[in-house]
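Engineer: Turn this into a model:
(one chain, ligands or ions: 1)
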Amino acid sequence: MSSQPGSHEDMSEEKFPERTSGHEGTVAVTDGPFADPGLPPHEPRRQDIDEQAAKRSERTVALLFTISMLATVGFIASYVALPIDKIVYIFPFGHVSALNFALGLTLGLALFCIGAGAVHWARTLMSDEEMPQERHPIEAEPEVKAQVLADFRQGAKESQFGRRKLIRNTMFGALAMVPLSGLVLLRDLGPLPEDKLRHTAWRKGLELMNMNTNQPLRPEDIQVGSLTFAQPQGFSEDDPNYQTELAKAALMLVRLHPQDIKDKRELDWSHDGIVAFSKICTHVGCPISLYEQQTHHVLCPCHQSTFDLSDGGRVIFGPAGHALPQLQIGVNAQGNLEALGDFTEPVGPSFWERG
Ligand code: FES
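Structural biologist: Residues are numbered from 1 along each chain as shown. This is a model prediction of the structure:
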């Protein structure tokens with residue numbers, strides 16, 4: 001069967017026009033319905049033939065990189081100097097945060113100038129000669145690799161990276177300084193906790209207040225078998241730090257028969273069988289709230305850590321790694337329960353591993 005013009009057989013490989021290399025690296029198709037015009041001849045730019053123009057371009061690029069560096073310095077200065085709550089009017093945005101506006105403007109300018117400098121450098125000074133790249137097998141032959149290396153070196157030479165030291169140095173400066181913007185943002189992580197995690201609001205002489213009524217607790221208020229929660233005298237829900245302080249100082253009280261207390265220090269730190277322990281679980285800090293009066297065990301509802309209040313708050317089950325801290329208590333002249341100091345160890349979770 002003979003093939004018809006335009007049929008599939010017409011598109012067989014031997015009917016395609018052959019490509020031949022033209023002069024000076026261009027490729028032209030010598031025959032076929034869609035003639036490949038090849039690459040246009042390279043036209044030198046002004047900077048290629050006029051060293052003064054090339055110098056001007058170099059200075060422009062260097063200026064852009066320098067502006068980027070200054071903008072980064074401006075970013076850091078704004079971050080340090082501008083108050084976080086200062087509002088300014090800026091047309092056409094209206095009332096905006098001065099700090100946010102300054103940070104956005106300076107960081108944007110720093111990044112833009114690096115990009116603009118790189119583009120201007122590429123467009124005016126780096127080689128712009130186009131050349132076809134023949135497709136080749138993925139596994140390159142050693143000669144090809146050598147050629148690539150030679151091309152790379154040639155490209156590096158044509159980019160004038162080594163020769164235009166002003167551009168190179170300012171670019172390195174701009175790229176090195178931009179990450180500093182991110183470094184100063186670490187300040188937003190807030191102040192270091194210092195020794196705040198080591199102390200609670202408890203101190204000698206503070207009365208134990210019933211957490212529900214905020215009234216002083218007396219020994220007769222604590223019955224055997226009951227679980228009572230307490231907070232330090234002077235705590236007020238109106239205090240902005242109330243929750244933070246309560247999260248460390250929350251206390252639970254139980255009354256045991258003194259003969260049931262197995263730990264000698266616990267007995268010494270109790271008053272007439274009343275013992276006071278931190279309410280904050282030493283696993284990950286849930287408030288403990290379940291008391292089993294027969295065994296004197298308290299249970300954390302989060303992951304079931306269980307502590308023995310008759311044995312120094314020791315962990316008897318669960319993931320908690322440390323006993324509950326105990327608060328030493330006594331009775332003041334008014335007959336109210338009072339603290340005889342702060343906890344002698346940090347309360348709560350994870351702190352232990354930090355030493
Ligand atoms: S927080 Fe108490 S057991 Fe996990």
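Engineer: Need phi/psi at the closest residue to Ser305 other than its chain neighbours.
Structural biologist: Distances taken as C-beta to C-beta, 6 or more residues apart in numbering put Gly318 closest to Ser305, at 3.2 Å, once the chain neighbours are dropped. Just so you know, the C-beta spots here come from the backbone N, C-alpha and C atoms, and that holds for glycine as well. Per-residue torsions, Gly318: phi 100, psi -180 (degrees, to the nearest 10).
Engineer: Tell me which residue in the stretch 101-250 of the chain sits closest to the ligand.
Structural biologist: Ala247 (13.0 Å; C-beta to the nearest ligand atom).
Engineer: what stretches of the protein score poorly on pLDDT?
Structural biologist: 1-32, 135-137, 350-355 (pLDDT under 70).
Engineer: tell me the helices in it, going along the chain?
Structural biologist: 46-49, 51-81, 98-124, 142-158, 165-184, 242-249, 264-268 (DSSP state H).
Engineer: Switch those over to a markdown table; also include mean neighbour count and distance to Ser278.
Structural biologist: Shown next, in a markdown table, are those (neighbours: other C-beta atoms under 10 Å; distance: least, C-beta to C-beta, whole Å):
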| stretch | mean neighbour count | distance to Ser278 |
| --- | --- | --- |
| helix 46-49 | 14 | 74 |
| helix 51-81 | 18 | 39 |
| helix 98-124 | 17 | 40 |
| helix 142-158 | 11 | 66 |
| helix 165-184 | 16 | 38 |
| helix 242-249 | 16 | 8 |
| helix 264-268 | 13 | 13 |
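Engineer: ok now do the residue nearest to Gly155 when sequence neighbours are not counted, which residues does it touch?
Structural biologist: Of all residues not flanking Gly155 in the chain, Ser127 sits nearest, at 7.1 Å (C-beta to C-beta, 6+ apart). For Ser127, the contact set (C-beta atoms under 8 Å, 6 or more residues apart in numbering) comprises 155, 158-159.
Engineer: same thing with His271?
Structural biologist: Contacts of His271 (C-beta under 8 Å, 6+ apart): 219, 329-331, 337.
Engineer: Tell me the one of those residues nearest Asp151?
Structural biologist: Ile329 (82.3 Å; C-beta to C-beta).
Engineer: Any idea what that closest one is bridged to?
Structural biologist: Beta-bridge partners recorded for Ile329 (DSSP bridges): Ala339.
Engineer: ok, it - contacts?
Structural biologist: Applying C-beta under 8 Å, 6+ apart, the residues contacting Ile329 are 208, 269-271, 274, 276, 337-340.
Engineer: before we move on, back to that, residues in contact with the residue nearest to Ser305?
Structural biologist: Contacts of Gly318 by C-beta under 8 Å, 6+ apart are 283, 300, 303-306.
Engineer: swap in Leu290?
Structural biologist: So Leu290 contacts 298-301 (C-beta under 8 Å, 6+ apart).
Engineer: Weed out the non-buried ones from those.
Structural biologist: For those, a burial check counting by 16 or more other C-beta atoms under 10 Å picks out 298-300.
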